[in-house]
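[1] predicted model, plus sequence, below.
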Amino acid sequence: MNSLATSSTSPVILTGDRPTGPLHLGHFVGSLRNRVAYQSTYQQFIMLADAQALTDNMDDTGKVHRNVVEVALDYLAVGIDPLQSTIFIQSQIPELAELTFYYLNLVTVARLERNPTVKEEIRLRGFERDIPAGFLTYPASQAADITAFKAILVPVGEDQIPMIEQTNEIVRRFNRVAGREILIEAKALVPEIGRLPGIDGKAKMSKSLGNTINLGASADEIRAAVKKVYTDPLHLRIEDPGHLEGNVAFLYLDAFDPDQAGLATLKEHYVRGGLADSIVKVRLEACLQELLAPIRLRRQQLESDRGYILQLLKQGTEKARAVAAQTTAEVKSALGLNYF
């Protein structure tokens, strides 16, 4: 079995994704770069949240099943090292469901409904009051995922901070019930660059909205997507002054252009006028082609041996389950649920 290169005393990071489709640029800038950067100095557990994905995908469970391997391929392609990071499948660790059950007694329905992240996701999906119970109770499930590994850091976007706050509320309440410190609080690790908008300018880059650029995109797919990238609707003529605010092309360049000094000069030219949007997009495409080409190549090399990917997931899940089982045993003992 693969083992972490870091020592058992290293602080723990817990992170992951719902396997409902390929990972995209929003994931990369949001947390994947952090995961690669920190894996050599932290104990990192990366969860494929397939059980959680079912809360709003019960009409297409096959999509979740198929994408477990697809997302794992994306992880490995961007540089996640299975010798340093433990990749595991949520549904294969029943202790996480058990912890969720206990934690649901530490939070009210009203508090769950007030969670800003949950409220926004309910709005986006149009659930109104017809909310799947599993979806509503996601904060308790996430608390189980985080505390099972006693993670102190959780790489998330800014919109997920309320989830970490609610996890810590559950931690504090549980420790009061237990009368001692068993669970530990976690801190959100938010990237310097916030959530990337979709190529259409909408606030969220989302597979369901069709406004993403996937990490495994072909050169032609990247080129076609960049052509659709939202710029400045008021920049009608080349000589017109351009605006940077809300300009997706420049937001992407801020995130991915390695030549920030050159980019600053480009911005100045755009703002004073005389620079076509097409020139900006040429620069953006070049940056994205250079960024994604090696990721795409590694992914193509890895996907020819899916048995290897499944074996890595099996080993990682076994290791993660051993850790989660230890925490669950401590929680049950604190609750007086150890009888034999």
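    The structure has been received and is ready for your questions. Quick caveat: nothing in here was measured; it's all calculated off a predicted structure.

[2] list the contacts for the closest residue to Leu136 other than its chain neighbours?
    In space, Leu136 comes closest to Leu112 once its chain neighbours are excluded; the distance is 5.5 Å by CB to CB, 6 or more residues apart in numbering. For every residue, glycine as well, the C-beta is placed using N, CA and C. By CB atoms under 8 Å, 6 or more residues apart in numbering, the contact list for Leu112 reads 118, 136-137, 139-140.

[3] again, but for Ala49
    16-19, 90, 145.

[4] at 10 Å instead, please
    Residues near Ala49 by CB atoms under 10 Å, 6 or more residues apart in numbering: 16-20, 55, 64, 68, 71, 89-91, 96, 138, 141-142, 145.

[5] what separation do you get for Arg237 and Gly274?
    10 Å (CB to CB, to the nearest Å).

[6] if you count surrounding residues, which of these two has more?
    When Arg237 and Gly274 are compared for neighbours, Gly274 comes out ahead with 12 against 8, by other CB atoms under 10 Å.

[7] so what's that one scoring on pLDDT?
    Here, the pLDDT recorded for Gly274 equals 96.

[8] show me what contacts it?
    237-242 are the contacts of Gly274 under CB under 10 Å, 6+ apart.

[9] for Leu106, see how far away it is.
    For Gly274 relative to Leu106 (CB to CB), the value is 60 Å.

[10] next one: Ala324
    18 Å.

[11] more crowded one of these two?
    Under the neighbour definition other CB under 10 Å, Ala324 and Leu106 were set side by side, and Ala324 has more, 23 against 17.

[12] pretty sure that one belongs to a helix, no?
    Yes - under DSSP: H, G, I helix; E, B strand; the rest coil, Ala324 sits within a helix.

[13] these two touch, right, it and Ile146?
    No - the pair Ala324 / Ile146 is not scored as a contact, 11.1 Å apart, by CB atoms under 10 Å.

[14] pull up the overlap in contacts between the two.
    Common neighbours of Ala324 and Ile146 (CB under 10 Å, 6+ apart) are 45, 99.

[15] helix or strand right after the lowest-mean-pLDDT helix or strand in the chain?
    Lowest on mean pLDDT, DSSP states H and E among the helices and strands of the chain sits helix 116-125, with a mean of 82. Later in the chain than helix 116-125, the nearest helix or strand by DSSP states H and E is helix 133-136.

[16] distance check, Leu313 against Lys319.
    With CB to CB as the criterion, Leu313 and Lys319 are 11 Å apart.

[17] name the residues contacting each of these two.
    87-88.

[18] for the most far-flung residue of the chain relative to its centre, list the residues it contacts.
    For the chain, the residue at maximal distance from the C-alpha centroid (CA atoms, centre = their mean) is Glu239, at 40.4 Å. When contacts are counted by CB under 10 Å, 6+ apart, Glu239 touches 272-276.

[19] got the buried residues for stretch 112-127?
    112, 115, 117-118, 121-122 (16 or more other CB atoms under 10 Å).

[20] next: stretch 262-280.
    263, 266-267, 270, 275, 277, 280.

[21] among these, which one sits closest to Lys332?
    Leu263 (54.3 Å; CB to CB).

[22] and the contacts of the one helix or strand the closest one maps to?
    Taking DSSP H and E as the definition, Leu263 sits inside helix 260-272. Contact partners of helix 260-272, identified using CB under 10 Å, 6+ apart, comprise 231-232, 235, 239, 241-244, 247, 249-250, 253-254, 256-257, 259, 275-277, 279-280, 283, 287.

[23] tell me how far it lies from the chain's centre.
    31 Å (CA atoms, centre = their mean, to the nearest Å).

[24] just stretch 325-332 next, same as before
    With CA atoms, centre = their mean, you get 26 Å for stretch 325-332.

[25] okay, and for the stretch 1-150 of the chain, where does confidence drop off?
    1-9, 30 (pLDDT under 70).

[26] what ranges do the helices span in the stretch 1-150 of the chain?
    With DSSP state H, counting those that start in this stretch as the criterion, the stretch 1-150 of the chain has helices at 25-27, 33-38, 50-53, 61-78, 94-103, 109-114, 116-125, 133-136, 138-148.

[27] reformat these as TSV; add distance to Glu158.
    Formatted as TSV, the helices of the stretch 1-150 of the chain follow (distance: least, CB to CB, whole Å):
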stretch	distance to Glu158
helix 25-27	13
helix 33-38	14
helix 50-53	20
helix 61-78	21
helix 94-103	24
helix 109-114	18
helix 116-125	10
helix 133-136	21
helix 138-148	16
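
[28] tell me which of the ones you listed sits most buried.
    A comparison of the helices of the stretch 1-150 of the chain by mean neighbour count, using mean count of other CB atoms under 10 Å, puts helix 138-148 on top with a mean of 26.

[29] in the helix or strand just after that one, what's buried?
    Using DSSP H and E, the helix or strand that follows helix 138-148 in sequence is strand 153-155. Neighbour-count burial for strand 153-155, counted by 16+ other CB under 10 Å, picks out 153-155.
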